[in-house]
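Q: return atomic coordinates for the entry below.
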Amino acid sequence: MKRKKHSRTSLQRTIGRWWPLFLGPVVLAFIIGFVWPFIQGIYLSFCQFKLISDAKFIGIGNYLKAFQDASFRHAFWFTALFAIVSLVLINVLAFMVAYLLTQGIKGSNLFRTVFFAPNLIGGIVLGYIWSMIFDGILSRFGTSILLNTKFGFWGLIILVCWQQIGYMMIIYIAGLQNVPGDMLEAAKIDGASKMQTLFKVTIPNVMPSITICTFLSLTNGFKLFDQNLALTAGQPITVLAGGSIKTTEMLALNIYNTFYNSASAAKGTAQAKAVIFFILVAALGLAQLAYTRKKEVQQ
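A: Purely as a prediction, here's the structure:
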């Protein structure tokens, strides 16, 4: 016992002495790669600039332009609708698949691998693959995914569901496997049906997994960029009195297009949009976490 206590104390002293050497480079890289650019980005959102070195402070003008931009407002509502629909479909389908694969069916490990595989493919590649699939189907009807907003919306939904369901399925399987067996046995003894057991025992105990999957699918829905760029690039375009909007353009793509495809005066506006985007995603993510964690069962 004395030897174990001595070795533990020695280990703690060693860690206390050398932790800055191991943790320091990571913290420094985090500050250089994330914290400082983030702070600088907030400052630039209040500036007009072509290059960072010639930034000129102009106050909240960029934010006013961002809110007055019809394309930004449309992108927000399009993204919000997409995030809600994709959140529901991804989580419902992923849970159903995970539930079926934990019922002892033959070949469940093979099915898990097959369902998870699409998550390993990059978003740009997936976008181009699915654009060819959709256009091959829609060409028979004389149209294209780039010519119809509804086709573009549901094309994005199908693509994202196909990519993310397998990933969420793995998280749900882990949660289902951790449901206490004695609670399931007690429900069976009490005469509960499978549906009653599912909604009264299983789902409440899987709430931690639901919290994680809901958070990931919600934030991923709002942050979606590469799939949107590769599949529709925001097409089709609708012409308005004050300009034009891309009807399937989501928030991240709208910010990208504002920054790179507009005049230099719009770069500050794009930066303001990015700050608004960050606040929106952070607020929604934290609100969702707070709401779903209240429903978690303490085991």
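
Q: what are the boundaries of the helices in this structure?
A: Ranges of helices in the chain, per DSSP state H, are 2-30, 36-44, 61-68, 70-101, 108-116, 123-138, 149-177, 181-189, 194-197, 203-205, 207-223, 226-231, 251-260, 267-293.

Q: in TSV: the ones you listed, plus mean neighbour count, distance to G243 and mean pLDDT.
A: (Each C-beta comes from the backbone N, C-alpha and C, glycine too.) Below are the helices of the chain laid out as TSV (neighbours: other Cβ atoms under 10 Å; distance: least, Cβ to Cβ, whole Å; pLDDT from 0 to 100):
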stretch	mean neighbour count	distance to G243	mean pLDDT
helix 2-30	10	40	74
helix 36-44	13	24	91
helix 61-68	17	11	91
helix 70-101	19	7	94
helix 108-116	14	43	87
helix 123-138	16	26	90
helix 149-177	20	17	93
helix 181-189	12	59	83
helix 194-197	12	53	86
helix 203-205	17	47	87
helix 207-223	20	24	92
helix 226-231	22	20	93
helix 251-260	21	12	91
helix 267-293	18	14	91
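
Q: so which of these is nearest I245?
A: Among these, helix 70-101 comes nearest to I245, with 4.3 Å by Cβ to Cβ.

Q: quick one: list the elements packing against the closest one.
A: Where contact means 3 or more Cβ pairs under 8 Å, 6 or more residues apart in numbering; DSSP states H and E, helix 70-101 is packed against helix 108-116, helix 149-177, helix 207-223, strand 243-246, helix 251-260.

Q: and these as TSV, adding distance to M183?
A: Formatted as TSV, the helices and strands packed on helix 70-101 follow (distance: least, Cβ to Cβ, whole Å):
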stretch	distance to M183
helix 108-116	22
helix 149-177	13
helix 207-223	14
strand 243-246	51
helix 251-260	42
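
Q: which of those sits closest to W36?
A: Ranking the helices and strands packed on helix 70-101 by distance to W36, with Cβ to Cβ as the measure, places helix 251-260 first at 19.2 Å.

Q: and the closest one, how far out from the chain middle?
A: Its chain's C-alpha centre and that of helix 251-260 lie 17 Å apart, by Cα atoms, centre = their mean, to the nearest Å.

Q: for stretch 56-63, same thing?
A: 30 Å.
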